[in-house]
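K.L.:
what would the 3D arrangement of this be:
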Amino acid sequence: MGAPAGQLAERLSAVVVSVRRDIAVNRDIFQDEVTYILRDPLTSQTLALAPDDYQVVAAIDGLRPLGDVFDDLVEQSEIKRDEEESFYRFILGLHQQGLLNLPISDEKTLYDRYKRKQRARLLQKVLGFLFLRLSIGSPDKILSHTMVAGRYFFSRGFLAIWAAGMAFSAWIIATRWSDLESPITAIVDSDNLLWTWGSLIALKLIHESGHGFACKLFGGSVPEIGVIFIVGSPCAYVDASAAWGFESKRERIIVSMAGMYFESIVAMAALAFWAFTPGSFANSMAYQVFILASVVTIGFNLNPLMRFDGYYIFADLLAVPNLRARAQDQMRRLFDRFILGLPQEKPRFRPLLRLVLASYGLGSIIYKFFLIIGLCTVIAMKAYYLGLALVTFYLASTLWQTTSTTIKHLFLSPDTKAARSRCVAVAILVFFGTPALLSLWPLGRTLRADGSTEMETESVIRVQQSGFLSELNVSAGQDLRPGDAIAKLENVDIEGLAREDFARLKVADYQFQSTQLSEPSLARADLARRNNLASIAKSSAERRDELRLKSPNAGVIVTVLNADDRGRFLRRGSEIATIGSGPLVARFFVEAEALAESAVTKGDRLQYRSFADPSRIRHGKVVAIAPAANRLIENQSLTQLGGGAIVVNPATGEADVSHFVLTMCLGHEDSEALMRGMRLKLELEGRPKPIAEHLYRRIVRFTDRIRTR
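P.N.:
Alright, predicted model coming up:
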């Protein structure tokens, strides 16, 4: 934490320091309190100071040594004599942030700061390409020369036009909603990625131009413009931090929202072009631009957990400058108060705002964690070992940083000196108790599997030979006997070939009979030819007969094509009907791991729920478990292709993991209440395992899924 107070006073009391002359200072009102905003024009960094802290900065005149400044502040009752340590630490902190010209340094503090920067730079180098930032230069002069045009977009007349355009766009969206949502998945189609990338670049340049024009409109400067590549996706940026020097909250919020405002203009134009032009490449491009400039921009830029527009808007609405730093400070204060039992000085913020700040701080940490994990997962899908290495490094560095920060705060911070014994207890609980809890505490979990009601025996009737459906002889619910006709298809090629082969066989028969009477010695060759044609004719006749579909067994038709399908061409393997027999049963697809963990066996009674009546728990008896697991999910209604939860490959119909088919008989009451085809959810109780084992299994399973994709 730097040199002791006595050493700092001894080394700094005779030093004459001054505040840098180029530091811009603005006075503002936040939370009904005066706040002073100090802005460094070289780094564009800002620092918010309370009036008491600013009094110290104002007393530094560059003429007197710090000891005299401290004595004068004590005489003026601005600070107390016993706050000498805090005074010199505050001075050193201002120097470390580059706000003071201090001709002396605290080596240990600066060395610690250097080591932190080195670790941060290492992390940035490893993960830097995820958020690659390239500065292009200063757009300030260009914006100044084009402000005549830029100012027009903020005029009352144009705002009236914009409001009318938004109302018109809302009408288009309401009347064409089904047309708007249907092709939205085409945005991520691989064939559109190049156009999407180009559109995104253009839109982000327009977006950042909005921030720049708004900042210049209210007298601010824009010293930098550049591009951030987030996992290869380009996002422009401008430095509009000068807006924090604006006294008006309204002006600051306008600057923050100007980017989305400019993009909304493009979105309105693109929507109108899409709605009133016929289908074409330009029409589809307009649709893509509308989605990127509206849905994507609002969802991305309005997120206050990232340091984009939403963050600064949220900070202004709360009237809390340096929002993220204040939120982290509030989390630390809550930790010190409720975990370490340390008394707190009079809080600056109201109770509700303190809760909001702490929640925001926790939320931003969690969001950043899952964002990095998500980005590394995307990379792992393309380069598995690279993504795995990145996420491992991130987790290790985060764990090390969190651990070192916690230890320093508990055992080295002067703020926690009064509660060292409790700090020891907290450290033991965190660093030893948590691993022990994860390793030893048994945790059971409820395992779930999807299924549906089916007949005990079901036979799917499929097309054996491709053709046009000419007859459909059955309907749903109809009882069948073995051999009953179900459907007939027409295929002129198959039927014509069967007639030709039969005619050739007849000719061969006559030829054989004639040769046998006139020249018996030559009859053997004709017989061989006749037998070959008979085999060919039999095969052709079997293919023709396969155009007539018959019931293989007795049962009832549970599903069948519609009468409107007559005349439709059906390919070989297409499903015509399903014949069921026996009582109604429940058939579930249970993941192999879940079945092993639950140790279900034949004869067990299990509970399940129907999607139609999820509040009611039903029970059934396991009557069969498939002897082997399979990745093929035959019932598509249980997959994502049919609205279910089992994820399968659309091309093969196979799931990511193997499943066992588990069959349960239903009670008499359930058989009466349920109908065939109803979706069910099975609940299994897994054997208790340590929490760490559950986490390990989930991680291994997750990484295996990524590797096999």
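
K.L.:
can I take it that residue 602 is in a helix?
P.N.:
No: with DSSP: H, G, I helix; E, B strand; the rest coil as the criterion, residue 602 is coil rather than part of a helix.

K.L.:
for the closest residue to it other than its chain neighbours, give its distance to residue 584.
P.N.:
Distance criterion C-beta to C-beta, 6 or more residues apart in numbering; nearest residue to residue 602, sequence neighbours excluded, is residue 622 at 5.4 Å. Any C-beta I mention is one placed from the backbone N, CA and C, and that applies to glycine too. Distance from residue 622 to residue 584, counting by C-beta to C-beta, to the nearest Å: 16 Å.

K.L.:
now do residue 26
P.N.:
Taking C-beta to C-beta, one finds residue 26 at 75 Å from residue 584.

K.L.:
element containing residue 178, please.
P.N.:
Take DSSP states H and E as the rule and residue 178 turns out to sit in helix 177-181.

K.L.:
again with residue 684
P.N.:
strand 679-685.

K.L.:
please identify the buried residues of that strand?
P.N.:
679, 680, 681, 682, 684 (16 or more other C-beta atoms under 10 Å).

K.L.:
can you redo the residues you listed as TSV with distance to residue 172?
P.N.:
Listed next are the buried residues of strand 679-685 as TSV, based on distance: C-beta to C-beta, whole Å:
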residue	distance to residue 172
679	37
680	42
681	40
682	46
684	49
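
K.L.:
so among those residues, where is pLDDT lowest?
P.N.:
Model confidence across these bottoms out at residue 684, which has 87.

K.L.:
tell me who's in contact with the residue nearest to residue 602.
P.N.:
600, 601, 602, 603, 604, 605, 606, 662, 663, 664 (C-beta atoms under 8 Å, 6 or more residues apart in numbering).

K.L.:
so which of these is the closest to residue 249?
P.N.:
residue 606 (60.1 Å; C-beta to C-beta).

K.L.:
thought the closest one was touching residue 684?
P.N.:
Yes: counting by C-beta atoms under 8 Å, residue 684 is a contact partner of residue 606 at 6.7 Å.

K.L.:
overlap in contacts, the two.
P.N.:
Residues touching both residue 606 and residue 684 by C-beta under 8 Å, 6+ apart: residue 600.

K.L.:
right, and the helix or strand after the longest helix along the chain?
P.N.:
With secondary structure taken from DSSP state H, the chain has its longest helix at helix 351-382. Next helix or strand after helix 351-382 toward the C-terminus (DSSP H and E): helix 384-411.

K.L.:
state the mean pLDDT of that next one.
P.N.:
85.

K.L.:
show me what counts as buried in it.
P.N.:
387, 388, 390, 391, 394, 397, 406, 409, 410.

K.L.:
now the residues you listed as CSV including distance to residue 57?
P.N.:
Output for the buried residues of helix 384-411, formatted as CSV (distance: C-beta to C-beta, whole Å):
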residue, distance to residue 57
387, 47
388, 49
390, 42
391, 43
394, 38
397, 35
406, 32
409, 27
410, 31
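
K.L.:
farthest-apart pair in the residues you listed, please.
P.N.:
387 and 410 (34.4 Å).

K.L.:
ranges for the helices of the stretch 101-250 of the chain?
P.N.:
107-127, 140-145, 147-152, 156-175, 177-181, 193-217, 249-275 (DSSP state H, counting those that start in this stretch).

K.L.:
how about residue 676, secondary structure?
P.N.:
Assignment for residue 676 (three-state DSSP): coil.

K.L.:
residue 238 is in contact with residue 212, correct?
P.N.:
Yes: contact status for residue 212 versus residue 238: in contact at 4.9 Å, counting by C-beta under 8 Å.

K.L.:
what touches both of those two?
P.N.:
In contact with both residue 212 and residue 238: 139, 222, 225, using C-beta under 8 Å, 6+ apart.

K.L.:
hmm, who's touching stretch 467-484?
P.N.:
Applying C-beta under 8 Å, 6+ apart, the external contacts of stretch 467-484 come out as 485-491, 494, 547, 550-561, 563, 565-570, 577, 579.

K.L.:
neighbours of residue 602, just the number please.
P.N.:
Residue 602 has 11 neighbours, counted by other C-beta atoms under 10 Å.

K.L.:
residue 583 and residue 391: what is the separation?
P.N.:
Distance of residue 583 to residue 391, given as C-beta to C-beta: 51 Å.

K.L.:
same check on residue 645?
P.N.:
26 Å.

K.L.:
what's the answer for residue 500, then?
P.N.:
Taking C-beta to C-beta, one finds residue 500 at 67 Å from residue 391.

K.L.:
could you do residue 548 as well?
P.N.:
The value you get for residue 548 to residue 391, if C-beta to C-beta is used, is 59 Å.

K.L.:
one more: residue 612?
P.N.:
For residue 612, the distance to residue 391 - C-beta to C-beta - is 42 Å.
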